[in-house]
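In: Structure for the following, please:
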Amino acid sequence: MRCPATVRRILAVAWAEWLYNRRDPRSLAIIVGLPLSLLLLYGYAIDFDLQELRFAVLDLDRTERGADVVRSMVASEYFTLHGMVEDGDQIRALIDSGEIRLALVIPRGFGEKIASGGTGEVQVLLDGSDSTTAGVALGYLEGVLREHSVKLVRQWVRERGLPAAVAEPALTLEPRALYNPEMRTVEFIVPGLIAVIMTMLAALLTSGCIVREREIGSFEGLAASPIAPVEIVLGKLLPYAAISIVDVILCIGAGAIVFGVFPLGNKLALILIAGLYLVASLAIGLAISSVARSRQVATLVAFLATLLPSTLLTGFVFPVRSMPPVLQYIAQIFPATHFLVIIRAIYLKGTGLALYLEETAALVVIALALVALASKSFRKSLE
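Out: Sure, this is the predicted structure:
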């Protein structure tokens with residue numbers, strides 16, 4: 001039975017397309033490699049189970065009962081002891097700097113209450129600027145202390161030959177979140193969204209700059225001009241940097257009006273560091289534009305290079321410290337990783353850049369490196 005002419009023509013076109021893709025290594029690499037690489041990369045990155053949450057202890061009781069509580073936390077897979085502190089100011093300083101996620105406060109008389117069969121109250125101070133991590137950490141801590149409380153109750157009634165029904169819970173937990181007392185997710189999400197949206201927008205804005213010159217036929221004139229590649233790159237960046245800064249200000253205003261989320265810290269410092277961050281993001285788009293052959297390809301690559309990594313590998317949703325070590329190193333390459341730390345600190349903690357010199361320095365280095373990369377890519381395209 002012969003196939004209808006329409007079917008034969010469709011199959012002929014399909015076969016020609018198959019042969020084209022088979023002979024094109026780039027297409028095969030994208031078709032086969034991209035799904036596998038994304039699955040492996042994000043499969044490791046997306047992990048809702050947090051481990052090794054660093055905590056400090058303020059032990060005002062200094063008895064063995066309090067030490068037992070700390071040991072029960074350390075024995076779990078979720079917590080890592082950063083150290084003991086002497087007062088609440090040290091706790092706040094450690095949370096401000098991001099060295100710890102929570103702190104345990106054991107009040108005076110805690111051991112005496114436990115020994116007499118009463119209920120000992122333990123306070124936990126959480127870093128509310130990351131409401132997602134704080135909520136998970138609180139759940140873990142409640143589970144650990146509940147298990148420890150059951151052990152204490154059983155021991156107390158066994159020593160006295162009493163029925164378990166007469167015993168009170170040995171431990172209660174009093175949680176308190178710093179910087180975001182109500183643990184509102186929107187307080188955590190809005191600053192992160194500004195970072196993610198701006199890196200994607202900035203890269204998309206410049207991803208068509210160079211390739212557009214090729215498409216309209218002005219690239220040869222640009223190549224023949226005495227202007228150095230780095231000067232062309234910086235000249236292309238400046239207008240988009242100004243536009244992007246205006247967008248940042250609009251996003252800050254919209255976040256305040258619509259969601260009631262406003263930066264507590266220095267607004268000028270936020271704008272300045274956002275400008276540095278935008279230069280890095282704009283340079284990503286220019287580097288892509290220098291090697292792309294069409295605006296459609298440049299737009300797609302810019303989208304994939306910014307949106308996916310900035311949402312999954314930078315701490316926007318999942319803490320970087322909970323990722324495998326290899327991905328933690330990879331995360332440091334992206335400007336959003338460092339900007340997210342700073343913008344959330346300014347928004348929720350009201351802290352200045354002095355506490356985040358390392359992140360600021362990283363942004364400077366990344367911005368310079370990306371501008372150099374964009375200039376080099378453009379120079380190669382001229383050749």
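In: List the buried residues in stretch 291-303.
Out: Under the neighbour-count criterion of 16 or more other CB atoms under 10 Å, stretch 291-303 has A292, R295, A298, T299, V301, A302 buried. All C-beta atoms are positioned from the backbone trio N, CA, C, and that covers glycine.
In: From these, pick the one nearest I106.
Out: A302 (51.8 Å; CB to CB).
In: Show the contacting residues for that closest one.
Out: When the contact criterion is CB atoms under 8 Å, 6 or more residues apart in numbering, the partners of A302 are M200, A203, L204, S207, I284, G285, I288.
In: thinking again about what came up before, and which of the buried residues of stretch 291-303 is nearest to S97?
Out: Proximity of these to S97 was ranked by CB to CB; the top entry is A302 with 34.0 Å.
In: And the helices in the stretch 51-200 of the chain?
Out: With DSSP state H, counting those that start in this stretch as the criterion, the stretch 51-200 of the chain has helices at 64-75, 88-97, 110-115, 131-160, 185-206.
In: Repeat that for the stretch 251-383 of the chain.
Out: With DSSP H, counting those that start in this stretch as the criterion, the stretch 251-383 of the chain has helices spanning 267-291, 295-312, 325-331, 335-344, 357-382.
In: Who are the contact partners of the nearest residue to A256 once chain neighbours are set aside?
Out: Among residues not flanking A256 along the chain, F262 sits closest, at 4.1 Å (CB to CB, 6 or more residues apart in numbering). Neighbouring residues of F262 by CB under 8 Å, 6+ apart: I252, G255, A256, Y347.
In: Quick one: residues contacting the closest residue to S377 other than its chain neighbours.
Out: Distance criterion CB to CB, 6+ apart; nearest residue to S377, sequence neighbours excluded, is S290 at 3.6 Å. Residues in contact with S290 (CB under 8 Å, 6+ apart) are I210, A374, S377, F378, K380, S381.
In: what about the fifth one, how many residues close to it?
Out: Think K380. Per other CB atoms under 10 Å, the neighbour tally for K380 reads 11.
In: For it, give its distance to S294.
Out: Distance, K380 to S294, using CB to CB, to the nearest Å: 18 Å.
In: which one among the contacts of S290 gets closest to G109?
Out: Nearest to G109, judged by CB to CB, of the contacts of S290 is A374 at 63.2 Å.
In: pLDDT value on that closest one, please?
Out: On the pLDDT scale, A374 is placed at 83.
In: Over to P175?
Out: You'll see P175 listed with a pLDDT of 91.
In: From what I see, it and G128 are in contact.
Out: No: contact criterion CB atoms under 8 Å: P175 and G128 do not qualify, at 10.0 Å.
In: Between those two, tell me which one has more neighbours.
Out: Comparing P175 with G128 by neighbour count (other CB under 10 Å), the higher total belongs to G128, at 24 against 18.
In: Show the backbone phi and psi for that one.
Out: Per-residue torsions, G128: phi -70, psi -10 (degrees, to the nearest 10).
In: ok, the residue nearest the centre of the chain - contacts?
Out: Geometric centre of the chain, nearest residue: G315, 1.2 Å, by CA atoms, centre = their mean. G315 makes contacts with A331, T337, L340, V341, as judged by CB under 8 Å, 6+ apart.
In: Which residue is the nearest non-sequential neighbour of the second one?
Out: So the one you mean is T337. T314 (4.2 Å).
In: The one you found - how many residues pack around it?
Out: Neighbour number of T314 under other CB under 10 Å is 26.
In: Now for it: which residues touch it?
Out: Here T314 is in contact with A195, V320, A331, F334, A336, T337, L340 (criterion: CB under 8 Å, 6+ apart).
In: How about G111?
Out: Contact partners of G111, counting by CB under 8 Å, 6+ apart, are D61, T63, E64, R65, G66, G120.
In: Please list only the buried members of the contacts of S290.
Out: Buried by 16+ other CB under 10 Å: I210, A374, S377, F378, S381, out of the contacts of S290.
In: which of those sit farthest apart?
Out: With CB to CB as the measure, no two of the buried ones among the contacts of S290 lie farther apart than A374 and S381, at 10.6 Å.
In: Show residues contacting stretch 125-140.
Out: Stretch 125-140 has contacts (CB under 8 Å, 6+ apart) with 48, 50, 53, 76, 78-79, 91, 95, 98, 100-103, 105, 124, 175-181, 183-185, 187-188, 317, 319, 344-345, 347-349.
In: ok, now stretch 231-246?
Out: Stretch 231-246 is contacted from outside by 198, 201-202, 205-206, 209-210, 222, 227, 271, 274-275, 278-279, 281-283, 286, 371, 374-375, 378, using CB under 8 Å, 6+ apart.
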